[in-house]
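J.: need a structure here:
(2 chains)
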Amino acid sequence: MKKTLRILAYPYVVWMVIFIVVPLFLILFYSFTKGDIHDIGSLEFSVESYKKVAEPLYLKVIGDSFLLAFISTAICLVLGYPVALIIANTDQKYRSLLMMLFLVPIWMNFLLRTYAWMSLLSPNGLINRFLTAIGLPRLEIMPGNAAVLLGMVYNFLPFMVLPIYTVLSKIDKQVLEASSDLGGNKVVTFTRVILPLSIPGVVSGITMVFLPAVSTFVISGLLGGGKTPLIGDMIEQQFLFARNWHFGSSLSIILMVMILISMAVMSRIDKNNQEEGGKAR
Amino acid sequence: MKKAVKRIYMGIIFLFLYAPIIVLIVFSFNKSKSRGQWGGFTLDWYVDLFKDRQIREALYFTLLVAVLSTLISTIVGTIAALGINNMGKFSRSVILNINNLPVLNPDIVTGVALMTLFISVKIELGFVTMLIAHIVFSIPYVILAVLPKLRQMNKHIAEAAMDLGATPSYALRKVIIPEIAPGIISGALMAFTLSIDDFVISFFTAGTSATNLSILIYSMAKRGVKPTINALSTLMFTVVLILMLIINKKSEKGEEILL
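T.: Predicted structure coming up:
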């Protein structure tokens, strides 16, 4: 029985090899070659495109992407943790309704929501009309990095709140009672009990925000106006307009490797925390 | 006092979340075509919606790809999960690691990698390649949803069914599938949502012949979105909101809601 059932996975294994493994190897292959992409015979080994990545211009692009993603992840954490905490402490009756209201915006196409921010933030947009009407100085952040950050935080905040909320709502209330019975005030209970127990949620929240933020090209393209090109913008350009697959591929490989490293670091933090704090679920 | 601070904080966060959505909804009723000016109330854009060929086509592609990719990836993913569940530890972990790649990889890398594959083997980008791409990124989520249910399942119930005379396929249909149904359903929901919402991977794999809503909106966003799109998204948003409220109402006393 076991053996016959095993066969069921084979078609998918073939599918995986064709559509997951081979494409990634192709990217790796193009990143280490140069020549005409339409004539595979003419391609030869080269690290030229990696050398290009190391040029100051492109290093800055990579640095900017990581910096913006890092800042937006930090903002999401600072804004999102209290939200998760407040929702998790709400009456059972309203909790799921609150959480639902929080997640409903995700269901509207994210390009449209980003576009709506364009009409809110643009120099003649609604926010500026409002500010001028009440006599306040205008808000000139679009196009620019501040607008990109706002777009990232806006789009990815739910991904931070959801995992933290899930972990927080599973904390046994008796643990909190025990802490206060043992003389811990609210601050101590938070820093010594709630916070350590919520680290797994925080870790997955950080990953879920950082990942899309570092590789975005839509948000930077729409709200940043191309002022600060990010690594995602570069990859898009190389594949669709410049047609330099070699350079685009090496940028993709670098992006992948850096993300894998950051994820390994995050899972290490998560693991250490679990070992130190006993079995924190 | 503390309660008031919490309320105000949540109020600001919700305002932040809903501000752009409210803007879209308000402007879907705006007579003036410009997005900064209020020119009076109108339902014209909703009427136009049904006449606009470009939008109708994009909606058609979006829904068709979503339905087909959900169906195919749910079936293939469930079958694959059954097989993977019965594999040895080593091959299972190898397969699951590869399976996780599209989940962990940035969408843009998955997108350009698939595009590179299609172009390298000279398959013209279009509807079929977009559909394949959606299936590629959906199956992993189905497997990740179904596999835990399979592992929770009592191994002996399928054997018991067969001892009692059920054929393997009968046992599969009547015993195993009902047991893992919650996993299959949440995998399918996930696949559908991801497909409807996807832009990046479609953008790289659809070419110019198949434009879905996301691609259409992206190309419009740089020039200016037609108010008809606002009308369409208002309609879609309302449908989702109503569905969610119904689900929430029904599950109030029951299990946690599926989100």
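J.: Low-confidence stretches in chain B?
T.: Applying pLDDT under 70 to the predicted model, the residue ranges of chain B that meet it are B:1, B:34-36, B:250-259.
J.: closest point of the stretch 1-150 of chain B to chain A, which residue?
T.: B:Gly83 (2.6 Å; CB to the nearest CB). Where C-beta positions appear, they are placed from N, C-alpha and C, glycine not excepted.
J.: Isn't that residue up against A:Val14?
T.: No. Taking contact to mean CB atoms under 8 Å, the distance of 12.0 Å between B:Gly83 and A:Val14 leaves them out of contact.
J.: about what we covered before: can you tell me which helices and strands the helix or strand hosting the residue of the stretch 1-150 of chain B closest to chain A packs against?
T.: Secondary structure assigned from DSSP states H and E places B:Gly83 in helix B:53-85. Applying 3 or more CB pairs under 8 Å, 6 or more residues apart in numbering or on different chains; DSSP states H and E, one finds that helix B:53-85 contacts helix A:2-6, helix A:10-16, helix B:89-104, helix B:127-152, helix B:177-197, helix B:213-223, helix B:227-250.
J.: quick one, that helix and helix B:89-104 angle?
T.: In this structure, helix B:53-85 runs at an angle of 160 degrees to helix B:89-104, with axes from the mean of the first three to the mean of the last three CA atoms, to 10 degrees as the basis.
J.: if we can go back for a sec, same drill for B:Gly83 and A:Val14, tell me which one is more crowded.
T.: Ranked by neighbour count (other CB atoms under 10 Å in any protein chain shown), B:Gly83 and A:Val14 place B:Gly83 first, with 20 against 10.
J.: Now do the contacts for the more buried one.
T.: With contacts taken as CB atoms under 8 Å, 6 or more residues apart in numbering or on different chains, B:Gly83 has the following neighbours: A:Leu5, A:Arg6, A:Ile7, A:Leu8, A:Ala9, A:Tyr10, A:Tyr12.
J.: ok, for the last one, nearest residue in space, not its chain neighbours?
T.: So the one you mean is A:Tyr12. Excluding its sequence neighbours, the residue lying closest to A:Tyr12 (CB to CB, 6 or more residues apart in numbering or on different chains) is B:Ala80, at 3.5 Å.
J.: could you pull out the strands for the stretch 1-150 of chain A?
T.: In the stretch 1-150 of chain A, the segments counted as strands under DSSP state E, counting those that start in this stretch are A:33-34, A:44-45.
J.: Comparing these by mean pLDDT, which bottoms out?
T.: Set side by side, the strands of the stretch 1-150 of chain A give their lowest mean pLDDT on strand A:44-45, at a mean of 84.
J.: That one pairs with which strands?
T.: Under the criterion DSSP bridges, strand A:44-45 sits next to strand A:33-34 (antiparallel) in its sheet.
J.: Show me what the strand it pairs with is in contact with.
T.: By CB under 8 Å, 6+ apart, the surrounding residues in contact with strand A:33-34 are A:Leu43, A:Glu44, A:Phe45, A:Ser46, A:Glu48, A:Ser49, A:His246.
J.: thinking again about what came up before, whichever of the contacts of B:Gly83 end up buried, select them in PyMOL.
T.: For selection in PyMOL, the members of those meeting the burial criterion (16 or more other CB atoms under 10 Å in any protein chain shown) are listed in this command:
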select buried, chain A and resi 5+6+8+9+12
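J.: how much space between B:Gly126 and B:Ser32?
T.: Distance check for B:Gly126 against B:Ser32: by CB to CB, to the nearest Å, it reads 37 Å.
J.: For the helix or strand that contains A:Phe239, buried residues please.
T.: Element membership of A:Phe239 [criterion: DSSP H and E] is helix A:231-240. When burial is assessed from 16+ other CB under 10 Å, helix A:231-240 yields the following buried residues: A:Ile231, A:Gly232, A:Asp233, A:Met234, A:Ile235, A:Glu236, A:Gln237, A:Gln238, A:Phe239.
J.: so which of those also contact chain B?
T.: A:Gly232, A:Ile235, A:Glu236, A:Phe239 (CB under 8 Å from any CB of the partner chain).
J.: nearest spatial neighbour of the residue of chain A found nearest chain B, skipping sequence neighbours?
T.: Among all residues of chain A, A:Ala9 sits closest to chain B, at 2.6 Å; criterion: CB to the nearest CB. Across the structure, with CB to CB, 6+ apart as the measure, the residue nearest A:Ala9 apart from its sequence neighbours is B:Gly83 (2.6 Å).
J.: B:Gln37 belongs to a helix?
T.: No. With the criterion set as DSSP: H, G, I helix; E, B strand; the rest coil, the secondary structure at B:Gln37 is coil rather than a helix.
J.: A:Phe217 contacts A:Gln238, doesn't it?
T.: No. Assessed by CB under 8 Å, A:Phe217 is found out of contact with A:Gln238, at 11.3 Å.
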